[in-house]
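Enquirer: generate a structure from the sequence data that follows.
(chains A, B, C and D)
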Protein chains: 4
Amino acid sequence: MSMDASGVEARVRASFMRQGAMALLGATVAHVAPGEVDLHLPFRPELTQQHGLFHGGFIATLCDSACGYAALTVLPAGQEVVSVEFKLNFMAPARGEHVVARGRVIRSGRTLTVCQGEVLVTEGGQERTVATMLATMMAVQDRAALTG
Amino acid sequence: MSMDASGVEARVRASFMRQGAMALLGATVAHVAPGEVDLHLPFRPELTQQHGLFHGGFIATLCDSACGYAALTVLPAGQEVVSVEFKLNFMAPARGEHVVARGRVIRSGRTLTVCQGEVLVTEGGQERTVATMLATMMAVQDRAALTG
Amino acid sequence: MSMDASGVEARVRASFMRQGAMALLGATVAHVAPGEVDLHLPFRPELTQQHGLFHGGFIATLCDSACGYAALTVLPAGQEVVSVEFKLNFMAPARGEHVVARGRVIRSGRTLTVCQGEVLVTEGGQERTVATMLATMMAVQDRAALTG
Amino acid sequence: MSMDASGVEARVRASFMRQGAMALLGATVAHVAPGEVDLHLPFRPELTQQHGLFHGGFIATLCDSACGYAALTVLPAGQEVVSVEFKLNFMAPARGEHVVARGRVIRSGRTLTVCQGEVLVTEGGQERTVATMLATMMAVQDRAALTG
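Expert: Purely as a prediction, here's the structure:
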């Protein structure tokens, strides 16, 4: 993880800006470091499930993206990341003013990167963990494999 | 699974309409039967990841919802469903005109319901599986536990 | 999946015989076909958890092996398989005379193979599903990577 | 987690001794504290997969048990634990003299307990993480539900 930190951040932000999905949600990049990406998402009614809490799927979406970008920070320039699979446990109702998803690389390999994700909701100044993720990401050399 | 089919469908549709998230995505209920729910989502650029395909997180969101509603169809009236956890494997790039997520109950218990989800994308009239899910849902008696 | 069926079965059986773990459990190969492997395990008290049922971990072990060998059947000769990750849902208490784990390839790629596993227990002539698995397997070219 | 520590340890050890599976593997209880259980397993050829490393399924078995017992430590006396599901990522080849599986409670609820598991192998005095688990455990009031 000896990458140039500013180059890594630029790669993450450039890719993030091309995601229609992140714009639709209203998510932003809050933190980038080698092996670490945090994404931030403020609450609004369009993000809810049937009881007015953040939708679990959107929590998964944010956390999957945070993990994918965390993986990207540890790959050589020119490589891309695809999600192979992930598992998410929901741990508490996601009610609050905003969500932060923290993606962290816990095992970095040539082909596969394993990431741990944590999602925290802030409500009235109090932060609590609402979900935890374990994700497998794959490095892809050529863009064709991604859109193929 | 001896429920009145129209009552089950009404419950699913009433809950679905309260989800801001499903409206934001543009998803609709395509099929409801005891133990089965299909959700439908047409493509648009706001739903994409950085390479113009359906975002994996939104595929997970749709499939999680399909599984949750499939579980709801086998519970007694008055009970609600929360997602405990799910795992999703991505199996092919999700490029096409629309997505269908199929949630199916594979084990129905008093407290926990296990569901299998499958996501198919249609492109040029051809349908292919792009993701598969295994999800655990919990029946909740009182609404307080959901928003708690 | 156009392999020579007998060659595939020979590869599976040769690898299986090298597993100390399968001998310790008392498992045998019950079925091999392209993309399909079934493993069989008779009950004995050494395989139990604290309530006298088959231990869930051994059910996972058998199912992981069935999935890994199912993946091996669809790879070119000379390649080996390692488990990247798996998830298992337990669906019923595993009490009975024997267990069968069925591994099936549901997506075959150059690097990664996705498998679905099902574990059935037979008790008094009645068979029921006790667990379901979703597993990711990786093809490995050289043996060094396996023992590395 | 305000339990009497020695009472908790006695419960874990009493249950552990009833598991034929743990005796077959040769596992022992290495550490018990509220929300924490470590299990220890020395290498022997009967525990291997086809390349002479610890079998991934046995690593999963040990880690599932460590997580289940960690969950037991935070439940009221008289309750039992069953594994609902778990996911395991394999992170490195499991070659070494012994394995330790560490189960930790990360979310404790009335019905469900979420645990994180980590498996470390020691080889030549060097310890490294070979697997990570995310598991859901369920509290069960009556023994009938367990043997059902």
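Enquirer: check whether the longest helix anywhere in chain A comes near chain D.
Expert: Among the segments of chain A that qualify as a helix by DSSP state H, the longest is helix A:56-72. No: residues of helix A:56-72 are not located near chain D by CB under 8 Å from any CB of the partner chain, the shortest gap being 12.2 Å. C-betas here are computed from N, CA, C, even on glycine.
Enquirer: got the contact list for the most centrally placed residue in chain A?
Expert: Nearest to the mean C-alpha position of chain A, by CA atoms, centre = their mean, lies residue A:66 at 1.4 Å. Residue A:66 sits next to A:37-39, A:101-103, A:117 when contact means CB atoms under 8 Å, 6 or more residues apart in numbering or on different chains.
Enquirer: mind listing what the lengthiest strand in chain A pairs with, with the direction of each?
Expert: Under DSSP state E, the strand in chain A containing the largest number of residues is strand A:126-140. Strands that pair with strand A:126-140, judged by DSSP bridges, come out as strand A:80-90 (antiparallel), strand A:112-123 (antiparallel).
Enquirer: near chain C, which residues of chain A are found?
Expert: Counting by CB under 8 Å from any CB, chain A sits next to chain C at A:84-85, A:87, A:111-112, A:134, A:136, A:138.
Enquirer: same thing but 6 Å
Expert: A:85, A:87, A:136 (CB under 6 Å from any CB of the partner chain).
Enquirer: in a markdown table, list those residues along with pLDDT and neighbour count.
Expert: Formatted as a markdown table, the residues of chain A next to chain C follow (pLDDT from 0 to 100; neighbours: other CB atoms under 10 Å in any protein chain shown):
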| residue | pLDDT | neighbour count |
| --- | --- | --- |
| A:85 | 98 | 29 |
| A:87 | 98 | 28 |
| A:136 | 98 | 24 |
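Enquirer: redo these as TSV? Include distance to residue A:14.
Expert: Conversion of the residues of chain A next to chain C to TSV gives the following (distance: CB to CB, whole Å):
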residue	distance to residue A:14
A:85	26
A:87	29
A:136	24
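Enquirer: quick check, nearest of the residues you listed to chain D?
Expert: Each of these was scored against chain D by CB to the nearest CB, and residue A:87 proved nearest at 4.3 Å.
Enquirer: surely that closest one meets residue A:135?
Expert: No: between residue A:87 and residue A:135 there is no contact under CB atoms under 6 Å: 7.7 Å.
Enquirer: for chain A, which spans come out with low pLDDT?
Expert: Chain A contains residues with pLDDT under 70 at A:1-5, A:142-148.
Enquirer: list the buried residues for the longest strand of chain A?
Expert: Residues of strand A:126-140 classed as buried by neighbour count (16 or more other CB atoms under 10 Å in any protein chain shown): A:130-140.
Enquirer: with stretch A:45-61 instead?
Expert: A:46-50, A:53-61.
Enquirer: span of that stretch from start to end?
Expert: 17 Å (CA to CA, to the nearest Å).
Enquirer: any part of that stretch near chain B?
Expert: Yes: applying CB under 6 Å from any CB, one finds stretch A:45-61 touching chain B at A:45-46, A:48-51, A:55-58, A:60-61.
Enquirer: identify the residues contacting that stretch?
Expert: Here stretch A:45-61 makes contact (CB atoms under 6 Å, 6 or more residues apart in numbering or on different chains) with A:88, A:90, A:93-95, A:99, A:119, A:131, B:15, B:18-21, B:24, B:57, B:60-61, B:64, B:83, B:146-147.
Enquirer: drop anything exposed from those.
Expert: For these, buried by 16+ other CB under 10 Å: A:88, A:90, A:93-95, A:99, A:119, A:131, B:15, B:19-21, B:24, B:57, B:60-61, B:64, B:83, B:146.
Enquirer: returning to what we had before: columns distance to residue C:70 on top of the buried residues of strand A:126-140, output as JSON lines?
Expert: Output for the buried residues of strand A:126-140, formatted as JSON lines (distance: CB to CB, whole Å):
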{"residue": "A:130", "distance to residue C:70": "36"}
{"residue": "A:131", "distance to residue C:70": "32"}
{"residue": "A:132", "distance to residue C:70": "30"}
{"residue": "A:133", "distance to residue C:70": "27"}
{"residue": "A:134", "distance to residue C:70": "23"}
{"residue": "A:135", "distance to residue C:70": "24"}
{"residue": "A:136", "distance to residue C:70": "19"}
{"residue": "A:137", "distance to residue C:70": "24"}
{"residue": "A:138", "distance to residue C:70": "21"}
{"residue": "A:139", "distance to residue C:70": "25"}
{"residue": "A:140", "distance to residue C:70": "25"}
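Enquirer: now, among these, which is nearest to residue B:74?
Expert: Residue B:74 has its nearest neighbour among the buried residues of strand A:126-140 in residue A:131, at 25.0 Å by CB to CB.
Enquirer: residue contacts, the closest one?
Expert: A:59, A:88, A:90-91, A:119.
Enquirer: between these, which is nearest residue D:30?
Expert: When the contacts of residue A:131 are compared against residue D:30 (criterion: CB to CB), the nearest one is residue A:91, at 27.0 Å.
Enquirer: which non-adjacent residue is nearest the closest one?
Expert: Using CB to CB, 6 or more residues apart in numbering or on different chains and skipping residues adjacent in sequence, the residue nearest residue A:91 is residue D:107, 4.3 Å away.
Enquirer: repeat for residue A:50
Expert: residue B:18 (4.0 Å).
Enquirer: now do residue A:57
Expert: Counting by CB to CB, 6+ apart, residue A:57 lies nearest to residue B:61, which is 2.5 Å off, once chain neighbours are set aside.
Enquirer: how close does that neighbour sit to residue D:48?
Expert: Relative to residue D:48, residue B:61 is positioned 42 Å away (CB to CB, to the nearest Å).
Enquirer: now do residue A:103
Expert: 34 Å.
Enquirer: what about residue A:78, neighbour count?
Expert: Other residues within reach of residue A:78 by the criterion other CB atoms under 10 Å in any protein chain shown amount to 9.
Enquirer: where does it sit: helix, strand or coil?
Expert: coil (DSSP: H, G, I helix; E, B strand; the rest coil).
Enquirer: please report phi then psi for it.
Expert: phi 100, psi -20 (degrees, to the nearest 10).
Enquirer: which helix or strand contains residue A:21?
Expert: helix A:20-25 (DSSP states H and E).
Enquirer: contacts for the helix or strand following that helix next, please.
Expert: Where DSSP H and E defines the elements, the next helix or strand beyond helix A:20-25 is strand A:28-33. Applying CB under 6 Å, 6+ apart, the contact partners of strand A:28-33 are A:9, A:12-13, A:16, A:38, A:40.
Enquirer: just the buried members of those?
Expert: Using 16+ other CB under 10 Å, the buried ones in these are A:9, A:12, A:16, A:38, A:40.
Enquirer: tell me the one of those nearest chain B?
Expert: Ranked by distance to chain B (CB to the nearest CB), the buried ones among the contacts of strand A:28-33 are led by residue A:16 at 7.6 Å.
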